[in-house]
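Enquirer: model this:
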Amino acid sequence: MAAAPTTPRIMGQVLIALIPAAGVLLWLFGIGVALNLAAATATAAAAEAAAVRLRGRSIRAALGDGSTLVAAAIIALALPPLLPWWIPATAAGIAALLGKHAYGGLGQNAFNPAMVGYVAVLLAFPQAMGLWPAPGLGGAVAAPEAVAYFLGGAQPPMADALTYATPLDR
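Expert: The predicted structure follows:
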């Protein structure tokens, strides 16, 4: 009888399975996807470490199981590629703290932590969450514009086309 796969192994397989999706999104939407991945991963890992430390458990074991990285990757790939850094960071922090640790940690959560974070930012930032650039081969928005918007969030980058909900005022 074969031994049951361990959580780190399963989460590693999930991360590997997400690579094609990340590659296609990078190809179609550009560097904004990678920026979302970086912000979500860093914030999720920091929130996970803080929560585990407050609970008096091993930070190394908690981060080593890979569940936080999977949640961060799912969040980042579900978000529009043109967002200021604080939106993917907020989603990842909420996913780790409220979606996972408020219920007791790995395997105890009532909802998928990644989707808890996604819904939170969808409700908090509806206009930004509906702003998607038209896909373009090699990225729809130039990298310098995407990075400037990611870091500052002042004005959405110019693209050939943007899609978002329009008000029904007529």
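
Enquirer: and residue 64, what is it in contact with?
Expert: residue 8 (CB atoms under 8 Å, 6 or more residues apart in numbering). Quick note: C-beta positions are derived from backbone N, CA and C, even for glycine.

Enquirer: ok, now how distant is it from residue 129?
Expert: 32 Å (CB to CB, to the nearest Å).

Enquirer: Show me the strands in the chain, by range?
Expert: 132-133, 162-163 (DSSP state E).

Enquirer: between those strands, which gets the lowest average pLDDT?
Expert: Mean pLDDT is lowest for strand 162-163 among those, at a mean of 60.

Enquirer: ok, and the closest non-adjacent residue to residue 84?
Expert: Closest residue in space to residue 84, ignoring its immediate chain neighbours: residue 153 at 2.9 Å, by CB to CB, 6 or more residues apart in numbering.

Enquirer: Could you tell me the per-residue confidence at that neighbour?
Expert: Residue 153 carries a pLDDT value of 75.

Enquirer: do the same with residue 166
Expert: As predicted, residue 166 sits at a pLDDT of 62.

Enquirer: How about residue 141?
Expert: pLDDT at residue 141 comes out at 73.

Enquirer: surely residue 111 meets residue 99?
Expert: Yes. At 6.2 Å, residue 111 counts as touching residue 99 under the criterion of CB atoms under 8 Å.

Enquirer: Which one's more surrounded, the two?
Expert: Ranked by neighbour count (other CB atoms under 10 Å), residue 111 and residue 99 place residue 99 first, with 26 against 13.

Enquirer: residues contacting the more buried one?
Expert: Residues in contact with residue 99 (CB under 8 Å, 6+ apart) are 71, 109, 111-117.

Enquirer: Let's see that with 6 Å instead.
Expert: Shown in contact with residue 99 (CB atoms under 6 Å, 6 or more residues apart in numbering): 113, 116-117.

Enquirer: The closest residue in space to residue 109 that isn't next to it in sequence: neighbouring residues, count only.
Expert: Spatial nearest neighbour of residue 109, chain neighbours left out: residue 103 (4.3 Å); criterion: CB to CB, 6+ apart. For residue 103, the neighbour count with other CB under 10 Å is 15.
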